[in-house]
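In: Okay, structure incoming, though there's no sequence with it:
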């Protein structure tokens with residue numbers, strides 16, 4: 001029984017429009033976003049869910065008590081950073097949801113195609129023998145061959 005998790009048809013016009021929309025998003029964010037390398041991601045101080053309340057409360061208290069805030073602390077920049085976090089979050093959430101659905105759709109489409117190919121391969125193995133398809137069936141069987149990466153055992157002497 002064939003599997004059909006998803007049927008999807010994208011015409012060139014759809015792909016072009018999607019590409020243009022993504023280009024627009026990228027251009028609006030160009031020069032405003034950062035790409036961290038793995039070392040930087042590990043080393044920077046992160047504001048997690050538990051720390052966010054601390055950050056917000058501390059910045060609020062500092063704003064309410066400007067006499068204790070030295071200029072070197074750059075409080076206004078930290079407040080602007082927090083506002084930018086708040087602005088980016090809904091965008092990030094939408095992009096993550098969209099990326100997840102695109103990835104799931106790609107997986108479902110691939111699964112549909114793979115299941116049909118497996119069913120077809122099983123048919124070829126059974127009915128292809130007397131139709132001159134043995135060589136093709138053997139070539140397709142390469143997908144299932146197991147190659148041993150373990151070294152050959154050395155005979156005992």
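Out: Received the coordinates, thanks. Quick caveat, the model's predicted, so the values are computed rather than measured. Residues are numbered from 1 along each chain as shown.
In: Give me the phi and psi for residue 48.
Out: phi -90, psi -180 (degrees, to the nearest 10).
In: Tell me if I'm right that residue 6 and residue 106 touch.
Out: No. Residue 6 is beyond contact range of residue 106, at 9.4 Å (criterion: C-beta atoms under 8 Å). Using the backbone N, CA and C atoms, a C-beta is placed for each residue, glycine as well.
In: which residues touch residue 128?
Out: If you count contacts by C-beta atoms under 8 Å, 6 or more residues apart in numbering, residue 128 has them with 134, 136-137.
In: ok, for residue 119, nearest residue in space, not its chain neighbours?
Out: Nearest residue to residue 119 in three dimensions, chain neighbours excluded: residue 2, at 6.6 Å (C-beta to C-beta, 6 or more residues apart in numbering).
In: Can you tell me how far the one you found is from residue 84?
Out: 49 Å (C-beta to C-beta, to the nearest Å).
In: In terms of packing, which of these two has more residues around it?
Out: Neighbour totals were compared for residue 2 and residue 84, and residue 84 leads with 11 against 8 (other C-beta atoms under 10 Å).
In: any idea how far that one is from residue 19?
Out: Distance from residue 84 to residue 19, by C-beta to C-beta: 27 Å.
In: low pLDDT regions in the protein?
Out: 148-157 (pLDDT under 70).
In: mind redoing it with 90?
Out: 1-2, 121-157 (pLDDT under 90).
In: So for it, which residue is the most central one in space?
Out: Nearest to the mean C-alpha position of the chain, by C-alpha atoms, centre = their mean, lies residue 99 at 6.3 Å.
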